[in-house]
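Novice: what's the 3D shape of this:
(2 chains)
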Amino acid sequence: MASSLTSRRLRAALLAAPLFVFVSVTFIAPLATMMLRSVYEPVVAESLPETLAALADWDGRELPNEETFRVAGMEFIALNERRALGSVATRVNRLESGMRSTMLGVARELANDPPAGAWREAMIAADEDWAEVSSWLAVRRAGERITPRHYLNALDLDRGAAGEIVAQPEDRRIYVTLLLRTFAISAAITGICLLLAYPVAWLLAHARPSRAGLLLLLVLVPFWTSLLVRTTSWIVLLQNQGVINDLLVVLGILADEQRLSLIYNMTGTIIAMVHVLLPFMILPLYSVMRTIPPRHMQAAASLGGSFWQSFRRVYWPQSLPGVAAGSLLVFIMSIGFYITPALVGGRTGQLISSMIAYHMEQSLNWGLAAALGAILLLLVVLLYLIYSRLVGVDRMSLS
Amino acid sequence: MSISTDIQIEFIDISKSYDGKTMVLPNLNMSVRSGEFLTLLGPSGSGKTTCLMMLAGFETPTSGEIRVNGESVHNLPPQKRDMGMVFQNYALFPHMTVGQNLSFPLEVRGMAPDERERRVKRALEIVRLEGYGDRRPGQLSGGQQQRVAIARALVFEPGVVLMDEPLGALDRRLREQLQLEIRSIQRELGVTMVYVTHDQQEAMTLSDRIAVFNHGEIQQVAAPETLYEEPAREFVARFVGDNNLLRGTVHSVDGEICKVQVGEGLIEAFMVEPLEVGAQTVLAIRPERVVLSPSMEYSNTVTASVDDMVFQGDHWRVSVTTFGQPEFVVKIPNFIGQGGILPGDRVRVGWTAIDCRALPEENLKAA
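Specialist: Numbering: from 1, shown residues only, chains lettered A, B, ... in the order given. A predicted model of the protein is given here:
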């Protein structure tokens, strides 16, 4: 008995093994690396070991001593010769803007004209930023291997001179607003999807089988069409000189100069995303509604319930697992949606995903991108937990 | 409980077609008396359920009028018809407890909570499910679920209770038990009940009157005993209970009794409706009214050969060949024992003229 059970378990494990390996290599490992990047930043620490050792004992109120200047200067020169100072300077620059040119400049000058003894005077002479305590603080903080700064940054926070957490200056607060906006837009998209999908799913679930099959096909055809094709066709439809505006003008509903801006803004993002995500709402709803016997509404009517009473008390509660599954699916997908907002969102219709992409591709601040991603993931997981607590995961049906 | 003669429900010239071509019900006239238990009995597709659905308001008649208490219900939606309905698969709301299921019709009527509670409790007592109010339908057995469905149809004290094959999904023993319960509940409350079934035994057990349906037409409406003893149509004779059917031609008529030529013999029979000499007729004879070795007072005696004998507990079922026709059945009550016969024997069988009903021949498409 025991051995047959063991062998059965072994077989199950072997069957699942290829997928497990695939997921580990292509998903879990990169995800873990990125998560690590959001808190682990070794480049500066490894490049400036002696400078950081010297700064470790520094009180941070007055300028560091001559020895620190000397060690730092020599390490800057050495790094610059290996062409490795740039990436270090970029990282320090993120904490104190202007530091990139300050560091690269001082390295060049010191290399051309090595100071005999007075490194402090020489460095300050080369760039007077070195007379600022904040420059040295920036170097020291950039040297922390494990750091919460990407998370602080992602939450529009910073650390003050004494290491205390402070809010970013008003003009640099962008991420929290963007995150909240992403949540609000996702909630709106989910709501619109639910409103549009519920009657369709009802029709699908309770129509005659032949007609239901045709309707289901109509739902699925866009689903099978490439996301890119669907999004670009929205551009054709929605743009200023597009089909919808042209039609409204031709029909005389709008004057030529009153054309609606339906794209390259939030409206465009919402319209296109609702369309793209609609099947993810319809299908779970449909699969749940199909299991609700139409007799129930008849029974409720025969018991004296009006349509709305019967719907609210009898049908709606039974369709809730589908509502929950569809909403969760659509909400989570829209929070991380990238392509559609990137193509039709313009400047104002961007979500947090575009900021993550920006830090991945343009600013190359992968730590911040990772922190933003991690915060997003955490919020989604949190939401899922609350949701499953309210609805019950076992009652939720993902078609 | 005595049944009044007041008519509560009337179907007047009702016809129903789903596709505009085939008539499910060509022309139906029927009435239900107040406090009566009326069963619509018939094979599947005979229009009995359509009839019930029109009464409940889920289907609209193509023409004609249904009146309840003298008033047309044509424009009343189901929720305004004041009819409790029990469905074949119970249609209990799975997300509500038994108590909430029963409370639903009271809530939508705006009844106060304490009154609701009292009524729910009383309804559960009626179906003998006290203390089950907090369970969910899924936690109950099929029989219990059906009791809840019945309680739910009664709890708001509707003028009429409709039941659509409510016991179809249950096993035989449970079905028989619930039949008796439904019967006693109906008698006790005196509520008008319209019940649909294809099971003639069930119809017999429950009903004050039975309306037999075939192909959308009512064949006969009568009390169970009348239906059994005095079937008016060939279909009824076939569908309700067992009957031996013999085809023949009317030879002569004498008052209500006629002589019918069957094969070589002449059979005396009671005419259900006047028949002309020479008319084709079907004779219906109940197997239990046929006796072996009849005495002189049996007007009809014929010779038959015994083909098979099956012991059925309370009787022996003997099939014989007579008039060249096999499968003529004779039931011998088991207190006579086997009757001293064996398969292969030649015997005399007989029956009286009054137990032999001459019915007009019909072209039956299906029985």
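Novice: would you mark the buried spots in stretch A:172-191?
Specialist: Using 16 or more other Cβ atoms under 10 Å in any protein chain shown as the test for burial, stretch A:172-191 gives A:175, A:178-179, A:181-183, A:185-186, A:189-190. Quick note: C-beta positions are derived from backbone N, CA and C, even for glycine.
Novice: which ones among the residues you listed map onto helices?
Specialist: A:175, A:178-179, A:181-183, A:185-186, A:189-190 (DSSP state H).
Novice: among the buried residues of stretch A:172-191, which one lies nearest to chain B?
Specialist: residue A:190 (23.1 Å; Cβ to the nearest Cβ).
Novice: re the thing from before, among the buried residues of stretch A:172-191, which pair sits farthest apart?
Specialist: Taking Cβ to Cβ as the measure, those span a maximum distance of 22.1 Å, between A:175 and A:190.
Novice: quick check: next helix or strand after the worst-scoring helix or strand of chain B on mean pLDDT?
Specialist: The weakest-scoring helix or strand in chain B, judged by mean pLDDT, DSSP states H and E, is strand B:291-292 (a mean of 84). As assigned by DSSP states H and E, the chain's next helix or strand after strand B:291-292 is strand B:300-311.
Novice: list the helices and strands the helix or strand following that following strand packs on?
Specialist: Later in the chain than strand B:300-311, the nearest helix or strand by DSSP H and E is strand B:315-322. Strand B:315-322 sits against strand B:300-311, strand B:325-333, strand B:346-351, with contacts defined as 3 or more Cβ pairs under 8 Å, 6 or more residues apart in numbering or on different chains; DSSP states H and E.
Novice: could I get those in CSV, plus columns for mean neighbour count?
Specialist: Listed next are these as CSV, based on neighbours: other Cβ atoms under 10 Å in any protein chain shown:
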stretch, mean neighbour count
strand B:300-311, 16
strand B:325-333, 17
strand B:346-351, 18
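Novice: can you list those strands in JSON lines and add mean pLDDT?
Specialist: Output for the helices and strands packed on strand B:315-322, formatted as JSON lines (pLDDT from 0 to 100):
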{"stretch": "strand B:300-311", "mean pLDDT": "88"}
{"stretch": "strand B:325-333", "mean pLDDT": "86"}
{"stretch": "strand B:346-351", "mean pLDDT": "88"}
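Novice: so which of the ones you listed comes closest to residue B:34?
Specialist: Nearest of the helices and strands packed on strand B:315-322 (Cβ to Cβ): strand B:325-333, 38.5 Å.
Novice: show me what that closest one is packed up against.
Specialist: Counting by 3+ Cβ pairs under 8 Å, 6+ apart, strand B:325-333 packs on strand B:244-254, strand B:291-292, strand B:315-322.
Novice: how does it look with 10 Å?
Specialist: strand B:244-254, strand B:280-285, strand B:291-292, strand B:300-311, strand B:315-322, strand B:346-351 (3 or more Cβ pairs under 10 Å, 6 or more residues apart in numbering or on different chains; DSSP states H and E).
Novice: ok, now which ones touch residue B:272?
Specialist: Each residue near residue B:272 by Cβ atoms under 10 Å, 6 or more residues apart in numbering or on different chains is listed here: B:230-233, B:237, B:256, B:281, B:284, B:357-360.
Novice: for PyMOL, write the select line for the buried members of these.
Specialist: Here is the PyMOL command that selects the buried residues among the contacts of residue B:272 (16+ other Cβ under 10 Å):
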select buried, chain B and resi 231+232+233+237+281+284+357+358+359+360
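Novice: need the pLDDT of residue 121.
Specialist: Since you didn't name a chain, this refers to chain A. Per-residue pLDDT puts residue A:121 at 88.
Novice: nope, chain B
Specialist: Taking residue B:121 on its own, its pLDDT is 94.
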